[in-house]
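1. Fold the following, please.
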Amino acid sequence: MHSFRNQFLITIFVVILLSFHQETSFAQQDLGIPVKEAICWGVHAGPGKTGEKNTIYLSFGQYKAPLFLLAVNSETGEMRQFNGPLSSEMGSWGFTVDHENRIYLGSYYNAHLLRFDPKTEHWDDLGRPGGETESFICALTTAPDGKIWGGTFPSAKLFSYDPKTGKSENFGRVDPEQFYCYPTAGEDGMIYCAIQFEKMDIVVFDPKQKTKVSLIPSEGRKPGRVSLVKGKDGKIYAGISPSNQWFRIEEGERLVEISKSNIPFPQKGLPDGRQFSLVNNRILRIQNPLTKEEKEIPLQYEASGSYIFVVGLGPDSRIYGSSMLPLRLFVYDPENGLLTNLGRAAFSDGEIYSLGTLDGKLYLCSYPGARLSIYDPKKPLRFGKQEDDNPRDLGPLGGEQDRPRAMIAGPHGKIYIGSYPDYGLLGGAISVYDPKKVEKRVYRHIVMNQSIVSLAYIEKLDLIAAGSSVRGGAGTRAIEKEAKLILWDPKEEKKIFEIIPVPEAKTILSLAASIDGKLYGITNNEKVFVFDSEKKEMKKVFDLEFKEPREISLQLGPDGKLYGLSKEAIFFIDPKNDQLSLVAKSPVPIDSGMAMLGRKIYYGSGANLYEFEIPLDPSTKPTE
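-> I've put the predicted structure just below:
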C-alpha cells in the first residue's frame, strides 16, 4: 500500500513537472507593457469645489480604461485624478461647463455625454444623446439658456441636453454626407456648426424654428478645416484652412471677410490673467504675463498601458515600436530582456506609422502630418529638431500626406514611404527621402484617388512593389472600387506597371518578395496573391484561411519562407510550392506587427509586446 502511494505521488509529480515544462517552454512569451501613459486631449480652466474658476483640468484618454480628469490647483499645484464612470469611454474631445458649474465631456468610442460635478466629485452618465450609431462626440458648447449642445461622428449629428429637465433631443444629421460636426453656441441663440473635412461647410441651426442654413455655397465646399470662435463681442468668427482666411458671421446668414488681427479673440487662461500650457504631455506650465513668474508642475497620475501600433527591427538588432496616443518610441533588447520607453520621437502626437533602418540609423514616420524623424541608437536621447538632437525631427513629407503606413529603407541609399493623404482628401503617395541630399520628393496620385499602404523591394529586379487602398484621408468616401498593385522604378522614380491583383479587394495589407523575386500579397478580403514580377503577370490567388490579417505583417524569414500574422495566428507561405501553413495559434489577439530577428517574431497585443520563436521545423504540428 505504501509503495503504491509513493508510485502514485511520483506519477502526479511527473505530470505536474511536464505541465510546468510545457508552459515555460511555450514558444510565445509576453514581454510586458513598454509604455504606460495617457494622452491629454485638452487643458481647461474650470470651477473648483467652491465654484471659483481656479482649477486647471486636463482631460486624459487612455487605452481600455476610463477617461479621466486631472484637476490641478493653480495656486498649490495639488492634483487629483477623477476617473470616468465607463470603461468603454476611453477619452473625450469635448469640454464645457453649465450654469451650475458642472463639467461635461463628450466621449469616444460610444459617444456618451458625461457630467462631473466638482462640488460633489460625482460623475453622471447622461447616455448617448446622438444615438447608438455614433462613435465620437466631436465638440460640446453651452448656449446662453444653459442647454448643452454637441456634434457627432460619423453621422455629423447635432443634439442638445437640458440640465434643468434632464432631457436630450437629437436633431439628426446637419449635413447629409459629411462625417464630423463641431458646434459653437452663439449669443444670438443660434448654433453654428463646423462641418468637416471632405466638403467643409458652416451650418447655422435655429433651435426655435428647427431650421438650418448653409453658409458656404456648394461650389465653394472643398476639402479643408473650419475653426469657429466666439469673440469677446459675442459674434462668431470662422477660420478657413488651407486658405487661412477669416470671416465674421453676420446675422447668422452671411460671411464677411475680416483680418485675423481684428478679431476680438476670447481671453484664455485663468480669470487673473495667468496662462497655462502642457509641455510634452507631462508638465503643466503656468505663467504670469505681468510678473513674468513661471512655474512647472510635473503631472502625476495612474494610467493603463498604451496600445502598441507598430513594431520593427532596428539597426542595432533590437526591437523598436511605437505606442499610440501618446506617441512614444520604445525598445526591447533581446540580449538582456530590457523593455524601455525612450519617450518622444516626433512632433506628431498620434503614433509612428512606419519605420526602417539605413546606415545605422532608425527612420520613423508619424501621424499626423507624415512627419519624418531619425534616431541614432549610439547617441544620447534628446528629442528636438536641431542637428545634434536625437531623435531629430526632419519635418513633414509634404504633398498633403498624413498617415505614412509603409516604409522601405535601403534601395539606392534612400527611404521610401507609402501614405494616406490628409483629412478630406483622396490621393496618397510614394515619398522619397534622400539623406545625402537632405531632399524629400512626393509622388502623389501614383494610383489615382488611392493611397499607398504596403511596399516591398524586389532586389532581383531592383524594383519597388506598392500596394494600394481605395481609402483616402479620414472623412472621405472611396470613389475607386478595387485596390491595385504597381511596380515602381526607384532609379527613375516612376511607375512602370499597374494591375488589379485580386478582384473586389479594397486594400493590399502586406507585400513581401521571396528570394527568387516572386511577390506575395495579402488583401483585406483574406486572399493571398502570387505575382511574377519578371513576367509581370499574376500566377495565382488563394484563400488565406486565417481571419483578419494584419497590416504590414508579411516578411521573409531566415529559412526562405514568408511569415505572416493574422489576428488569431502566425503562419507561413512556402515559395517552393506556395503552400500555406499554420505555425501557431496565438493565445492573445495579435493587433500589430511585425519584427523578425533570427527565428523570433515580435508583435503587439493591446499594450503588451510578445515574442514568438519559430520552431526549427515550422511545418510540424502547429503550436496551439
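2. in this protein, which residue is closest to the centre?
-> By C-alpha atoms, centre = their mean, the mean C-alpha position of the chain lies nearest to Gly350, the distance being 4.9 Å.
3. Contacts only, for the residue nearest to it when sequence neighbours are not counted.
-> Spatial nearest neighbour of Gly350, chain neighbours left out: Tyr367 (4.2 Å); criterion: C-beta to C-beta, 6 or more residues apart in numbering. Every residue, glycine included, has its C-beta placed from N, CA and C. By C-beta atoms under 8 Å, 6 or more residues apart in numbering, the residues touching Tyr367 are 348, 350-351, 353, 402-404.
4. Now intersect those with the strands, please.
-> Cross-referencing those against strands under DSSP state E gives 351, 353, 402-404.
5. Between which two of those residues is the distance greatest?
-> Farthest-apart pair in the ones in strands among the contacts of Tyr367 is Glu351 and Asp402; separation 12.2 Å (C-beta to C-beta).
6. Report the contact partners of Leu580.
-> Residues in contact with Leu580 (C-beta under 8 Å, 6+ apart) are 528, 542, 544-545, 571-573.
7. Now flag whichever of those residues is closest to Asp462.
-> For those, the nearest to Asp462 is Ile573 (23.4 Å; C-beta to C-beta).
8. hey, C-alpha coordinates of the host helix or strand of Leu342 in CSV?
-> Assigned by DSSP states H and E, Leu342 falls within strand 338-343. Taking Å, rounded to 0.1, in the frame of the first residue of the first chain, the C-alpha atoms of strand 338-343 are listed here in CSV:
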residue,chain,number,x,y,z
LEU,A,338,15.1,45.0,-21.0
LEU,A,339,12.0,46.9,-22.3
THR,A,340,12.5,50.7,-22.3
ASN,A,341,10.2,53.7,-23.0
LEU,A,342,12.5,56.1,-25.0
GLY,A,343,10.0,58.9,-24.9
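9. Name the strands paired with that strand and say parallel or antiparallel.
-> Paired strands of strand 338-343, with direction, are strand 329-333 (antiparallel) (DSSP bridges).
10. mind listing what's buried in the strand it pairs with?
-> Judged by neighbour count (16 or more other C-beta atoms under 10 Å), strand 329-333 contains these buried residues: 329-332.
11. residue boundaries of the helices in this structure?
-> 2-24 (DSSP state H).
12. What count of nearby residues applies to Lys208?
-> The tally of other residues near Lys208 (other C-beta atoms under 10 Å) stands at 7.
13. The nearest residue to it once chain neighbours are set aside: neighbour count?
-> Closest residue in space to Lys208, ignoring its immediate chain neighbours: Gly189 at 7.3 Å, by C-beta to C-beta, 6+ apart. The number of residues packed near Gly189 is 14, by other C-beta under 10 Å.
14. give the contact list for Gly189.
-> Going by C-beta under 8 Å, 6+ apart, Gly189 touches 143-145, 206-208.
15. Of the residues you listed, which is the most crowded?
-> When neighbours are counted by other C-beta under 10 Å, Ala143 leads the contacts of Gly189 with 20 neighbours.
16. Please name the residues that touch the closest residue in space to that residue that isn't next to it in sequence.
-> Counting by C-beta to C-beta, 6+ apart, Ala143 lies nearest to Ala185, which is 4.0 Å off, once chain neighbours are set aside. Counting by C-beta under 8 Å, 6+ apart, Ala185 touches 141-144, 149, 191-192, 230.
17. so what's Ala185 bridging to?
-> Bridge pairing for Ala185 (DSSP bridges) gives the partners Ile191.
18. quick one: it and Lys230, what's the gap?
-> 8 Å (C-beta to C-beta, to the nearest Å).
19. now Asp188
-> With C-beta to C-beta as the criterion, Asp188 and Lys230 are 11 Å apart.
20. wait, what's in contact with the spatially closest residue to Glu100 that is not a sequence neighbour?
-> Residue nearest to Glu100 in three dimensions, not counting chain neighbours: Pro163, with 6.5 Å by C-beta to C-beta, 6+ apart. Residues near Pro163 by C-beta under 8 Å, 6+ apart: 98-100, 102, 146-148.
21. re the thing from before, of the contacts of Leu580, which belong to strands?
-> Among the contacts of Leu580, the ones falling in strands (DSSP E) are 528, 542, 571-573.
22. can you list those residues in TSV and add distance to Tyr603 and neighbour count?
-> Converted to TSV, the ones in strands among the contacts of Leu580 look like this (distance: C-beta to C-beta, whole Å; neighbours: other C-beta atoms under 10 Å):
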residue	distance to Tyr603	neighbour count
Val528	19	24
Phe542	24	12
Phe571	13	24
Phe572	15	20
Ile573	17	23
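23. My read is that Arg102 contacts Arg115, right?
-> Yes: contact criterion C-beta atoms under 8 Å: Arg102 and Arg115 qualify, at 5.5 Å.
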